[in-house]
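*Asks:* what follows is a predicted protein model with its sequence.
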Amino acid sequence: MASHGCVHVTTILRLGLCLGLSLVVLMRTAHSDSPTVHSLDEFPGSKLVYVSDYFSFIGHDHEGQVAFALDNSRGRDGDAYQAEHLVLLHDEQRGWVDLEGNGRYDNSGKELKTIPQSPSFRFAGMPYTGMTIVSERNRLSLKINPIVRQTRKRHDGAVVSMGTVQAVLTWQGRTISGRVIYESFMMPNFNRLTHTYWDMWNEYQGFYLRMDTDGDVYLHSQKSERLAPLMGFLDGFMGLNNATDSMKDLKVEVLDRELAWGFYRWPTAWRVTWEGSQGSAVLTLTQVSRTSISNWAVGGFAMAIVRGEMSYAGKKHPVYGLAELIM
């Protein structure tokens with residue numbers, strides 16, 4: 001549930017003709033399959049509204065694994081509208097790569113249902129019908145096939161919907177095939193862009209993982225009573241060949257931790273178990289690298305690269321991806 005409750009951190013060569021063409025038509029009318037459209041319409045009088053579209057990409061080419069995350073947040077507080085990007089990229093060979101576009105940007109168009117265009121990122125299409133994200137400043141584009149929805153949950157007007165699909169990241173001349181885990185989030189009477197909610201996050205650990213070449217694993221463990229009615233304390237799904245497998249009796253065990261710059265510790269290794277449709281599954285994960293986003297002494301927000309292995313149905317599957325940590 002990338003960056004829904006934290007404070008985010010604050011012209012390179014143009015792309016080729018194929019990227020330029022993707023900017024010709026910018027489809028900014030929300031499709032009827034968007035999980036936030038009808039829900040937003042139900043709360044026209046809500047003073048506070050918060051919406052987020054989060055894309056987590058994991059892929060690889062001959063140079064190695066690449067992880068790219070882009071969280072697009074926007075909100076309304078009375079008559080004022082806000083927008084913000086959180087963008088991260090990790091290259092297996094180079095480590096964490098600084099990208100332009102992090103932080104607040106103008107939302108004078110008062111857009112909530114669709115992602116507001118920004119100086120750093122442009123959006124064409126919609127998640128459930130296929131879309132392209134282009135950043136000329138970062139020499140980057142992400143082409144996403146129509147998202148296949150995996151889960152959708154509602155509580156007290158809030159909605160969280162998740163899906164997965166194949167995608168291709170073009171970055172600095174590289175063409176990187178992979179998969180996207182997509183998360184759409186909407187909550188009325190809430191706006192983390194203008195308010196602080198200290199009770200929103202407690203030991204949140206969210207994993208956005210690619211399994212082999214055609215599978216996805218998403219899961220989270222958290223202890224916030226406020227989030228539990230919508231998200232649960234433990235939840236997740238596994239998708240393989242666009243089919244969703246169940247996760248019953250999910251358990252997340254932290255095997256190791258290390259000191260942080262404050263009165264808390266970062267988890268660095270995990271063992272996860274659950275019951276799927278084909279029997280017991282065991283997933284082990286180890287942190288490869290971590291980058292800190294925010295630190296407030298008694299807690300912090302970071303993103304980590306994790307690597308591991310999943311044993312399921314008599315097979316072992318390599319796993320690689322992103323972990324969101326809000327302690």
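*Replies:* It's in.
*Asks:* in terms of helices and strands, where is the spatially closest residue to residue 245 that is not a sequence neighbour?
*Replies:* Among residues not flanking residue 245 along the chain, residue 238 sits closest, at 4.4 Å (C-beta to C-beta, 6 or more residues apart in numbering). Using the backbone N, CA and C atoms, a C-beta is placed for each residue, glycine as well. Residue 238 belongs to strand 234-240 when assigned by DSSP states H and E.
*Asks:* now the helices for the stretch 101-250 of the chain?
*Replies:* Using DSSP state H, counting those that start in this stretch, the helices assigned to the stretch 101-250 of the chain run over residues 228-231.
*Asks:* just for it, where's the confidence low?
*Replies:* 241-242 (pLDDT under 70).
*Asks:* show me where it has strands.
*Replies:* Taking DSSP state E, counting those that start in this stretch as the test, the strands found in the stretch 101-250 of the chain are 103-105, 122-126, 130-135, 140-144, 148-155, 158-171, 174-188, 204-211, 215-221, 234-240, 243-245, 248-259.
*Asks:* got the angle for the fourth one vs strand 174-188?
*Replies:* Right, the one you point to is strand 140-144. 70 degrees (axes from the mean of the first three to the mean of the last three C-alpha atoms, to 10 degrees).
*Asks:* run through who's touching strand 140-144.
*Replies:* Contact with strand 140-144 is made by 15, 19, 22, 55, 57, 68, 70, 89, 99, 127, 130-135, 165, 167-172, 180, 182, as judged by C-beta atoms under 8 Å, 6 or more residues apart in numbering.
*Asks:* quick one: contacts for residue 227?
*Replies:* So residue 227 contacts 200-201 (C-beta under 8 Å, 6+ apart).
*Asks:* ugh, wrong one, I meant residue 104
*Replies:* By C-beta under 8 Å, 6+ apart, the contact list for residue 104 reads 82-84, 193.
*Asks:* just the buried ones from the contacts of strand 140-144?
*Replies:* Among the contacts of strand 140-144, the ones that count as buried by 16 or more other C-beta atoms under 10 Å are 15, 19, 22, 55, 57, 68, 70, 89, 99, 127, 130-135, 165, 167-171, 180, 182.
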